[in-house]
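Asks: Quick one, fold the following:
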Amino acid sequence: MIDENRRMFFKKATVGLASGAMLLTPKTLSANESVQDKSNKIGSYIDLSLCDGCKDFDTPKCVTACRDKNSIHFPEPQLPLKPYWPRKNYEDWSTKRDVTNRLTPYNWTFVEKVSVNGEDVYIPRRCMHCDNPSCMNLCPFGTIEKSKEGLVSIDRDYCMGGAKCRDVCPWGIPSRQAGVGLYMKLIPSFAGGGVMYKCDGCVDLVSKNELPMCQTSCPKNAIKFGNFEEIKAQAKARANEINGHLYGLDQAGGTGTIYISKVPFEDINKAIEDDKIAKNDKLNGRPHMKVNIEDKMDDTQNWMMAALIAPIAGISVAAIAVHKSKK
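Replies: Residues are numbered from 1 along each chain as shown. From the prediction side, this is the model:
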């Protein structure tokens, strides 16, 4: 006789396979569907004309506050780390936990400093919280979700570290740490690869009507969260006031994060890319600021990958559902 857990698995697998097949439909989740009540949607603006990178401090205050709050979620990998099939390497930041000049599994926000026309520009970077997140649309394990406020988060307890979220993210935001996560209990030598980490917008605080740490810690009031329509109006007004530029409203189909700058973002992006080349910096974690961004979900290869992973997604959803039911 099939026991209850096996019954649940097969039931969830059927539902999961159907859910996985939905990946084959372009734009599986529209911006309107992603936030059921648009009045709940929050957004943020980041005013680069005010941010000075906390130059009088060793580390920007927003970075320190984010690290302090989220340190309980930082990965503690099982050693020794080893490559997992079919890959021949792994991503390990556990020996570089103090790195604060890029996004890592231990650093979910950082402040990029570049020089544009002889002027220093400081750019706080973290997840953009897209209106229609491609990471969520293509995650083969169904572990990325969007809150009713519009904040995108990764379920660290069930992420398998496949990194498709980073592959399709317009900015390559999520970071991976090997040697941790559910796959270590299930198939440690195959697939997976760890857990993906990124800013979750302090969704736990926001759900309690509290403000994210990056805002409350900023000494220059350069970061502000609030009702998205109000934030958007304030960002536009500020840009007009300084004869400036906006970024994030249209990029990747729209995001919940709006940057305000006195200098054009084309110039900022060029400065970022030039600095990477000058330093031969090829590591992940320093996102671009391209103005024109292609939707990676329009890439035929990604939709082919979606077709291939749909069955995996179904089985994964089933396995995760059973695992959660036992907790």
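Asks: C-alpha only now, for contacts and for neighbours.
Replies: Fine.
Asks: Return the helix or strand in the chain with minimum mean pLDDT.
Replies: One helix or strand of the chain scores below all others by mean pLDDT, DSSP states H and E: helix 31-34, with a mean of 40.
Asks: outside of the helix or strand just after it, which residues touch it?
Replies: Next along the chain after helix 31-34, taking DSSP states H and E as the criterion, comes strand 42-47. Outside strand 42-47, the residues that touch it by C-alpha atoms under 8 Å, 6 or more residues apart in numbering are 124, 149-151, 222-228, 231-232, 235, 256-261.
Asks: which of those are buried?
Replies: Among these, those scoring as buried are 124, 149-151, 222-226, 228, 231-232, 235, 256-261 (criterion: 16 or more other C-alpha atoms under 10 Å).
Asks: Now, those that are in helices?
Replies: Mapping the buried ones among the contacts of strand 42-47 onto helices (DSSP state H) picks out Phe228, Ile231, Lys232, Ala235.
Asks: can you map out the helices along this protein?
Replies: For the chain, the helices defined by DSSP H cover 4-21, 31-34, 61-70, 134-138, 164-168, 183-186, 203-206, 213-217, 228-241, 265-278, 300-326.
Asks: So which elements touch the fifth one?
Replies: Going back to what we said before, that points to helix 164-168. Helices and strands touching helix 164-168, as assessed by 3 or more C-alpha pairs under 8 Å, 6 or more residues apart in numbering; DSSP states H and E, comprise helix 134-138.
Asks: so how far is stretch 175-185 off the chain centroid?
Replies: Offset of stretch 175-185 from its chain centre (C-alpha atoms, centre = their mean, to the nearest Å): 17 Å.
Asks: Name the residues of that stretch that are buried.
Replies: Within stretch 175-185, the residues scored as buried using 16+ other C-alpha under 10 Å are Ser175, Arg176, Gln177, Ala178, Gly179, Val180, Gly181, Leu182, Tyr183, Met184.
Asks: Output that stretch as CSV - backbone C-alpha positions only.
Replies: The C-alpha atoms that make up stretch 175-185 are tabulated as CSV, following Å, rounded to 0.1, in the frame of the first residue of the first chain:
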residue,chain,number,x,y,z
SER,A,175,25.0,35.1,-5.9
ARG,A,176,25.7,31.4,-5.3
GLN,A,177,27.4,29.7,-2.4
ALA,A,178,28.2,26.0,-2.7
GLY,A,179,28.1,23.4,0.1
VAL,A,180,24.8,24.5,1.6
GLY,A,181,21.1,24.0,1.0
LEU,A,182,18.6,21.3,0.5
TYR,A,183,20.5,19.6,-2.3
MET,A,184,23.2,18.6,0.3
LYS,A,185,20.5,16.4,1.9
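Asks: mean confidence for it?
Replies: In this model, stretch 175-185 has a mean pLDDT of 91.
Asks: And for that stretch, what's in contact with it?
Replies: With contact meaning C-alpha under 8 Å, 6+ apart, stretch 175-185 is reached by 75-79, 81-82, 90-94, 103-105, 156-161, 163, 166, 192-198, 284-285.
Asks: Trp85 - how many residues pack around it?
Replies: The number of residues packed near Trp85 is 13, by other C-alpha atoms under 10 Å.
Asks: ah, wrong one, I meant Ala233
Replies: Using other C-alpha under 10 Å: Ala233 sits among 11 other residues.
Asks: and if you look at Gly248?
Replies: For Gly248, the neighbour count with other C-alpha under 10 Å is 20.
Asks: and it, what is it in contact with?
Replies: Met128, Gly254, Thr255, Gly256, Thr257, Ile258, Tyr259.
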